[in-house]
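Enquirer: I'd like to go over a predicted model; first the sequence, then the structure.
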Amino acid sequence: MNILSFESTCDETAVAVVADGRRVLSDVIASQAEMHALYGGVVPELASRKHVEVIAALTEQALREAGCGRDDIDAVAVAYAPGLIGAVLVGLSFAKSVAFAWGKPLIPVHHIRAHIAANYLAFPELEPPFVALAISGGNTLIADVRDYTDLRILGSTRDDAAGECFDKAARVLGLPYPGGKPMDELARQSQGGVYSLPRAHVDGAELDMSFSGLKTAVVNLAHRAEQSGQPLDRAALARDFTNAVSGELVPRAMRALALTGHKALCAAGGVAANSVIRANLEVACKEAGCKLYLPPLRLCGDNGAMIGAQGYYEFRAGRRAGMDLNAYATRALDA
C-alpha cells in the first residue's frame, strides 16, 4: 500500500511516499530554518506563506522520486494536529485537494504519533508494546504505546517543551536558531559541573515534567554575567543545561518502563537527536536490561515519511477523514 503523506506543522514542508508503513520510497523536505533564523524563531505567518509556495513542487518531486503516479497511490495521509495553526492548514488543505481530486481515502495523522512511528521506518522488527519518549520543540511527553493506534499518555510537561528550552538557552548563549544542534556542539566542549540548575518535581504526578524554571535559570545566569561583567563559561553552561534536561527525561522514561512492564523504549522528536540525551538513554537502558530504539538523526526532525508510517496503521485501524477535517493547534495524543 503506497501512501502519499504531508507534513507542515511548523517550519518544514515535507512530502513523502511510504509503502506499507515501513518502506520509504521518497521523502523530500523544504526547510525554512535559514529564513526564521533572522528572527531568532519561527514566525508563523511567514512559515504558512512558505508552505504555500513550495508544497505543490515538493509533491511532484516526491512522486517522481518514488516512481509513482496517481494510480500508484492508495491513500493520502496528512498531519492535522498539533502545530502552528496556519502552517497545519496549508498541508491539510493541499492534502484534501489531492485526495478529493484523485478519489483517494484521506487519513488524519497526529504529529506526535508520527514522530513515534518514525522508529518503524528505521527498525523493521519493532512492534508495540513499548514506551515512547517524545521530545520536540513543541511537545514533551512519555507514552505507553500499547498498539499502533492505542497510545496513552503517562506523563508530559506542565509548561514548556524541552526543545523550546533548548532554543531559548541557545539564544541567550549567542547561538543561532534553531538551537538544538549548536547547543549540542557547544556542550560537548565541556564536562560541566560548573552551574547549579534546578530540577522540577510535580507532586502527585511522578512522570510529569516542568522546564520553565530551568529555562528561566539559564536566562538569569547569562543576564547576570553580562550585567556584572563576570565571565560566563558558555560551554559549561550548555553542558549543565543539557544534563539538567536529560536528568528530567531519562529517569522518568525508565520509571515508565518499570510501571508498564515493557521491555523496549523508543525516543522520538527533534530533541532525540541530542548526543548527551542519546548516550544517557543508552546507559540507562543497558543497566535496566531494556531494548532502546533511537531513530537516525534524519528521522528525528519533522519529515513526511513519519506521517506515512503512522498513516498506514491508522488506515488499517479504519480511520478515515472527510473533507470537513479541521486543523488543530493542540490535540491530545490519545484523543
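Expert: Sure thing, it's come through.

Enquirer: C-alpha from now on. contacts and neighbour counts both.
Expert: Noted.

Enquirer: Break down the stretch 51-200 of the chain into its strands, ranges please.
Expert: 75-81, 106-110, 130-135, 140-147, 150-156 (DSSP state E, counting those that start in this stretch).

Enquirer: Need the ones you listed in JSON lines (columns: mean neighbour count and distance to residue 238).
Expert: Listed next are the strands of the stretch 51-200 of the chain as JSON lines, based on neighbours: other Cα atoms under 10 Å; distance: least, Cα to Cα, whole Å:
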{"stretch": "strand 75-81", "mean neighbour count": "29", "distance to residue 238": "31"}
{"stretch": "strand 106-110", "mean neighbour count": "28", "distance to residue 238": "32"}
{"stretch": "strand 130-135", "mean neighbour count": "27", "distance to residue 238": "18"}
{"stretch": "strand 140-147", "mean neighbour count": "22", "distance to residue 238": "20"}
{"stretch": "strand 150-156", "mean neighbour count": "19", "distance to residue 238": "23"}
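
Enquirer: could the ones you listed go into CSV alongside mean pLDDT?
Expert: Formatted as CSV, those follow (pLDDT from 0 to 100):
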stretch, mean pLDDT
strand 75-81, 98
strand 106-110, 98
strand 130-135, 98
strand 140-147, 98
strand 150-156, 97
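
Enquirer: got the ones you listed as CSV, with distance to residue 97 columns?
Expert: Output for these, formatted as CSV (distance: least, Cα to Cα, whole Å):
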stretch, distance to residue 97
strand 75-81, 10
strand 106-110, 10
strand 130-135, 31
strand 140-147, 31
strand 150-156, 29
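
Enquirer: Excluding chain neighbours, what is closest to residue 51?
Expert: Distances taken as Cα to Cα, 6 or more residues apart in numbering place residue 13 nearest to residue 51, at 5.8 Å, with adjacent residues excluded.

Enquirer: do you know how far that neighbour is from residue 215?
Expert: Going from residue 13 to residue 215 by Cα to Cα, to the nearest Å gives 29 Å.

Enquirer: Counting neighbours, go ahead and name the busier of the two.
Expert: Shown here are residue 13 and residue 215; by other Cα atoms under 10 Å, residue 13 has more neighbours (30 against 22).

Enquirer: and the longest helix seen in the chain, what's its mean pLDDT?
Expert: Counting residues, the longest helix found in the chain (DSSP state H) is helix 234-260. Helix 234-260 comes out with an average pLDDT of 97.

Enquirer: which strands and helices sit next to it?
Expert: Counting contacts by 3 or more Cα pairs under 8 Å, 6 or more residues apart in numbering; DSSP states H and E, helix 234-260 is packed against strand 130-135, strand 140-147, helix 180-187, helix 212-228, strand 264-268, helix 275-288.

Enquirer: Mind doing that once more with 6 Å?
Expert: Packing partners of helix 234-260 (3 or more Cα pairs under 6 Å, 6 or more residues apart in numbering; DSSP states H and E): helix 180-187.

Enquirer: by contact count, what packs against the helix it packs on?
Expert: Here helix 180-187 touches helix 234-260, going by 3+ Cα pairs under 6 Å, 6+ apart.

Enquirer: The same query, at a cut-off of 10 Å, please.
Expert: Secondary-structure packing of helix 180-187 (3 or more Cα pairs under 10 Å, 6 or more residues apart in numbering; DSSP states H and E): helix 162-172, helix 234-260, helix 275-288.

Enquirer: can these go into a markdown table with extra columns for mean neighbour count and distance to residue 321?
Expert: Shown next, in a markdown table, are the helices and strands packed on helix 180-187 (neighbours: other Cα under 10 Å; distance: least, Cα to Cα, whole Å):
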| stretch | mean neighbour count | distance to residue 321 |
| --- | --- | --- |
| helix 162-172 | 24 | 31 |
| helix 234-260 | 20 | 32 |
| helix 275-288 | 16 | 36 |
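
Enquirer: Including distance to residue 154, could those go into TSV?
Expert: Below are the helices and strands packed on helix 180-187 laid out as TSV (distance: least, Cα to Cα, whole Å):
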stretch	distance to residue 154
helix 162-172	17
helix 234-260	7
helix 275-288	18
